[in-house]
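**Student:** Quick one, structure for this:
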Amino acid sequence: MNSSPVDLFGSLNGTPDTGGVWSPSLSSGTGMFNPSIDAAGVYTYTVTNGVCGSDTSELSITITNVTPIKDYEIKTIEISGNNSIEIIFNSNLQYEYSLDNVIFQSSNMFTNLSGGDYTIYVNEVNGCGVLEVLVSILDYPKYFTPNNDGINDTWKLKGRTNQNYSIYIYDRYGKLLKHLVSFENSWDGTFNGKVLPTSDYWFKVVFDNGVVKNGHFTLKR
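**Tutor:** Residues are numbered from 1 along each chain as shown. Now for the predicted structure:
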């Protein structure tokens, strides 16, 4: 069975009236059965008519476990304002992809993403495998210009306002220049009050969930 949601109305005989009630209730609140949330069993759809009374139909739902997909590669492109995630499989099978486990697409790439954590859901269309993987995107400027003109004067992560993390910024020789925490998440390009020169700088981000990300940027003067 495919792990994506299934419209149970399509399995009822005839043309069922709308406005009925599913018992037990479905997580969607409609006729969509989600194998990831709803339990297997017998579901009854009841429509009540003020004149003719009630009419019911029953469906037996069986959930078959499928094999997790293991042979894959995740590529992220982190360019401020145009971040993307690409899922690559070493297989000729056909897959569908989703960011919310409800709406699936045939393309293996998600684009124009803000910084943040994303859960990627993948189904093999014939039920041969499923994948659920967390991918973290860093959105940050690739350079900044701390010249007090009010434009790009500081460097910081974007789209991470509700997360706890620490940032460690280093020079090209590995010397720690600045330690930032999420509530103090910008750097002005100085070290011990001294202005640092134009150069490339490296950083490490440690999130409270244990995820560690690395990158680099340029300070221009």
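**Student:** any idea which helix or strand comes after the helix-or-strand element of the chain with minimal mean pLDDT?
**Tutor:** Among the helical and strand segments of the chain, the one scoring lowest on mean pLDDT, DSSP states H and E is strand 53-61, with a mean of 65. Sequence order places strand 72-77 as the next helix or strand after strand 53-61, per DSSP states H and E.
**Student:** Tell me which strands that following strand pairs with, and in which orientation.
**Tutor:** Take DSSP bridges as the rule and strand 72-77 pairs in its sheet with strand 83-89 (antiparallel).
**Student:** Pull out the buried residues from the strand it pairs with.
**Tutor:** For strand 83-89, burial by neighbour count (16 or more other CB atoms under 10 Å) applies to 83, 85, 87, 89. Where C-beta positions appear, they are placed from N, C-alpha and C, glycine not excepted.
**Student:** okay, these in JSON lines with distance to Pro16 and pLDDT next?
**Tutor:** Output for the buried residues of strand 83-89, formatted as JSON lines (distance: CB to CB, whole Å; pLDDT from 0 to 100):
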{"residue": "Asn83", "distance to Pro16": "43", "pLDDT": "91"}
{"residue": "Ile85", "distance to Pro16": "39", "pLDDT": "96"}
{"residue": "Ile87", "distance to Pro16": "37", "pLDDT": "96"}
{"residue": "Phe89", "distance to Pro16": "38", "pLDDT": "92"}
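**Student:** buried sites along stretch 39-51?
**Tutor:** Buried, per 16+ other CB under 10 Å, within stretch 39-51: 43, 45, 47.
**Student:** now stretch 83-102: how far from the chain's centre is it?
**Tutor:** Offset of stretch 83-102 from its chain centre (CA atoms, centre = their mean, to the nearest Å): 12 Å.
**Student:** So what are the structural domains in this protein, by residue number?
**Tutor:** With domains defined by automatic domain parsing, the chain comprises 6-61, 72-137, 143-219.
**Student:** mean pLDDT lowest for which of those domains?
**Tutor:** When those are compared by mean pLDDT, domain 6-61 comes last with a mean of 74.
**Student:** Ile77 contacts Met109, correct?
**Tutor:** No: look at Ile77 against Met109 with CB atoms under 8 Å: they stay out of range, at 9.3 Å.
**Student:** Find the residues that touch each one of the two.
**Tutor:** Here Ile77 and Met109 have 84, 86 as joint contacts, going by CB atoms under 8 Å, 6 or more residues apart in numbering.
**Student:** picking up where we left off before, in JSON lines, list the buried residues of strand 83-89 along with distance to Pro35.
**Tutor:** Shown next, in JSON lines, are the buried residues of strand 83-89 (distance: CB to CB, whole Å):
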{"residue": "Asn83", "distance to Pro35": "30"}
{"residue": "Ile85", "distance to Pro35": "24"}
{"residue": "Ile87", "distance to Pro35": "21"}
{"residue": "Phe89", "distance to Pro35": "21"}
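**Student:** Between those residues, which sits nearest Tyr165?
**Tutor:** Comparing the buried residues of strand 83-89 against Tyr165 with CB to CB picks out Asn83 as the nearest, at 17.0 Å.
**Student:** Surely the closest one and Asp139 touch.
**Tutor:** Yes: counting by CB under 8 Å, Asn83 touches Asp139, with 5.7 Å between them.
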